[in-house]
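Enquirer: Here is a sequence with its predicted model. Questions after.
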Amino acid sequence: MKKTLKDFNFKGKKTLVRVDFNVPLEEGKITDDTRIRAALPTIEYLTRQGARVILMSHLGRPKGQVVDSLRLDPVAERLANLLNQEVSKVDKCVGKGVKETVAKLRDGEVLVLENTRFYPEEKANDPEFSKRLAELADVFVSDAFGAAHRAHASTVGVTAYLPSVAGFLMQRELDALGQVMENPEKPFVAILGGAKVSDKIGVIRNLLNKVDYLLVGGGIANTLLAASGYEMGESLVEEDKLELAKELIQEAQESGTELVLPTDLVIADQFSNQANYRVVPVDQVPEDWQSLDSGGPETLQRYTGIIKQAKTVIWNGPIGVFEMDIFAKGTNTIAAVLAESNATTIIGGGDSAAAVKKAGLAGKMTHISTGGGASLMFMEGKPLPGVIALDDLA
Ligand code: ADP
Ligand code: MG
């Protein structure tokens, strides 16, 4: 167990908080502020406790350089609106000017530092840079679950120099994901989709013997079907992963997990929302057609039946190219069945979360992780560097 906000007295303390403010921007405007809202409970708790709050986050991929369009000013502005409180912002993360601004902070005030990824030292987890960040504060709070799979200066480096505790969002993620991975109520079902098997090998291996059913869809299913001997036409198949896919199928057969593959597919004559499309059994994909949705009616009926009996369901990866309406049926059906289910339902993965939100069903899930890569790593059973680095409860 990690120390949390309740384990520290923040009154008057300069508190460095790593948040995940990596929001989508279009022409300088924030198009979705979910991530900022997700950090509010921690920030509001800290200000109420009288902390002097110093927030830091990355935004986009500036690659270690100052990129004006990726400054955190619009984020600070939105945060001020959401908190209904003044929020100051500096154009750097470290240095004399930043120190001076921090020194002027009063209890309950909030400051936002510049995009941490303007500094190459951030991703390099540079000790000197970490130390300079840490020197701004008395204590570190990590609330950026979405960045916890990366060992960077702002997620891990600073913990070498400061007492370090988990924020509420971090705690909620660890509780929700930890509970299902360590102590799931059975039957336990996993749904795995997405484009590539190679992204999900670790997850598949870790889930074998843990889950009762592993329902597969999307591009992953295409590769597993190809490995089972089916002709997949123009479908996305990772040719160089076929041997590995065969191994995974073999491992599944020897495990206590039933690996379930689609039996019918939505295929199309091109990768386009204007394509001609129809449903075929898995053994009838024409040479020049491709499977873009694993949600054939027979498959969906089978998957739905299994999900309905589950007490715990985790879902990572859409089972079709849900971004195009004509290939969203499978993904939307899964989302709807999960929404109706009484099981504990956990959504991990950026695109899966987006699909659930797009279907308007976000409120019906037990937990939607805010971290794509981090939740994937969690499902792989690997410890997250940004979590390990936090102080343990004595
Ligand atoms: P998540 O972000 O939830 O972990 P992934 O990033 O692994 O999910 O995969 C999501 C992507 O997989 C989506 O962009 C979707 O279009 C794509 N995808 C799903 N099914 C297929 C398919 N049959 N062929 C090609 N791409 C697919
Ligand atoms: Mg993704």
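Expert: Received it, and whenever you're ready, just let me know what you need. Numbers count the residues shown, from 1 in each chain. Ligands and ions are numbered 1, 2, ... in the order given.

Enquirer: going forward, measure contacts and count neighbours with C-alpha atoms only.
Expert: Noted.

Enquirer: and the residue of the stretch 201-350 of the chain at minimum distance from ligand 2, what is it in contact with?
Expert: Relative to ligand 2, the nearest point of the stretch 201-350 of the chain is G350 (5.0 Å; CA to the ion). By CA atoms under 8 Å, 6 or more residues apart in numbering, the residues touching G350 are 370-373.

Enquirer: For I368, name its beta-bridge partners.
Expert: I368 has these beta-bridge partners by DSSP bridges: I347.

Enquirer: if we can go back for a sec, quick check on the contacts of G350: which are buried?
Expert: Those of the contacts of G350 that meet the buried threshold are 370-373, by 16 or more other CA atoms under 10 Å.

Enquirer: same for ligand 2: which of these are within range?
Expert: Residues of the buried ones among the contacts of G350 in contact with ligand 2 (CA under 5 Å from the ion): none.

Enquirer: Quick one: mark the members of the contacts of G350 that sit in helices.
Expert: If you go by DSSP state H, those have 372-373 in helices.

Enquirer: in the protein, which spans are helices?
Expert: With DSSP H as the criterion, the chain has helices spanning 34-48, 73-83, 96-104, 120-123, 127-134, 168-182, 197-207, 218-227, 242-253, 297-309, 329-340, 350-358, 372-379, 385-388.

Enquirer: Output the contacting helices and strands for the fifth one.
Expert: Other helices and strands packing on helix 127-134, by 3 or more CA pairs under 8 Å, 6 or more residues apart in numbering; DSSP states H and E, are helix 120-123.

Enquirer: what's the burial count for R278?
Expert: Number of residues near R278 (other CA atoms under 10 Å) recorded here: 12.

Enquirer: Please determine how far V53 is located from L40.
Expert: In this structure, V53 and L40 are 12 Å apart, going by CA to CA, to the nearest Å.

Enquirer: and those two? which has more neighbours close in?
Expert: Between V53 and L40, counted using other CA under 10 Å, V53 has the larger neighbour count: 29 against 17.

Enquirer: how far away is that one from D126?
Expert: Counting by CA to CA - V53 and D126 are separated by 23 Å.

Enquirer: rewinding a little: which among the buried ones among the contacts of G350 gets closest to ligand 2?
Expert: Using CA to the ion, these come closest to ligand 2 at G372, 6.8 Å.

Enquirer: Could you measure from that closest one over to ligand 1?
Expert: For G372, the distance to ligand 1 (CA to the nearest ligand atom, to the nearest Å) stands at 6 Å.

Enquirer: Spit out the contact partners of L225.
Expert: 232, 261, 282 are the contacts of L225 under CA under 8 Å, 6+ apart.

Enquirer: And for T42?
Expert: 143, 167-169.

Enquirer: And G60, by the same measure?
Expert: 22, 70.

Enquirer: That one and R48, how far apart?
Expert: In terms of CA to CA, G60 sits 30 Å off from R48.

Enquirer: E27 now?
Expert: 34 Å.

Enquirer: do G12 as well
Expert: Distance from G12 to R48, by CA to CA: 11 Å.

Enquirer: When these two are compared, which one has more neighbours?
Expert: A direct count of neighbours by other CA under 10 Å for G12 and R48 places G12 higher, at 17 against 14.

Enquirer: re earlier: most neighbours out of the contacts of L225, which is it?
Expert: M232 leads those on contacts (other CA under 10 Å) with 24 neighbours.

Enquirer: In TSV: the contacts of L225, plus pLDDT and distance to K246.
Expert: TSV is the format used below for the contacts of L225 (pLDDT from 0 to 100; distance: CA to CA, whole Å):
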residue	pLDDT	distance to K246
M232	98	15
L261	98	13
V282	98	17
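
Enquirer: Which members of the residues you listed additionally contact ligand 1?
Expert: By CA under 6 Å from any ligand atom, no member of the contacts of L225 lies near ligand 1.

Enquirer: For ligand 1, state which of those residues is nearest.
Expert: Set against ligand 1, the nearest of the contacts of L225 by CA to the nearest ligand atom is M232 (10.6 Å).

Enquirer: I'd say the closest one and P281 touch.
Expert: No: here M232 lies out of contact with P281, judged by CA atoms under 8 Å, at a distance of 11.1 Å.

Enquirer: Show me what from the chain comes close to ligand 2.
Expert: Of all the residues in the chain, those lying near ligand 2 are 350-351, going by CA under 5 Å from the ion.

Enquirer: How is the chain partitioned into domains?
Expert: Split into domains by automatic domain parsing, the chain comes to 5-171, 184-379.

Enquirer: between those, which gets nearest to I388?
Expert: domain 5-171 (8.7 Å; CA to CA).

Enquirer: now the helices of the chain in CSV, with mean pLDDT?
Expert: Output for the helices of the chain, formatted as CSV (pLDDT from 0 to 100):
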stretch, mean pLDDT
helix 34-48, 96
helix 73-83, 98
helix 96-104, 98
helix 120-123, 98
helix 127-134, 98
helix 168-182, 96
helix 197-207, 94
helix 218-227, 97
helix 242-253, 96
helix 297-309, 98
helix 329-340, 98
helix 350-358, 93
helix 372-379, 93
helix 385-388, 98
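
Enquirer: Point out the residues in the stretch 251-394 of the chain that sit beside ligand 1.
Expert: 291-293, 316-323, 349-352, 372.

Enquirer: hmm, 8 Å instead?
Expert: 290-294, 316-324, 348-354, 372-373, 376 (CA under 8 Å from any ligand atom).

Enquirer: from the chain's centre, how far out does stretch 207-218 sit?
Expert: 19 Å (CA atoms, centre = their mean, to the nearest Å).

Enquirer: what about Q270, how many neighbours?
Expert: Neighbours around Q270, by other CA under 10 Å: 17.

Enquirer: Equivalent analysis for L207, please.
Expert: L207: 21 neighbours (other CA under 10 Å).

Enquirer: picking up where we left off before, how about the domains of the chain, which one is nearest V387?
Expert: domain 5-171 (6.3 Å).
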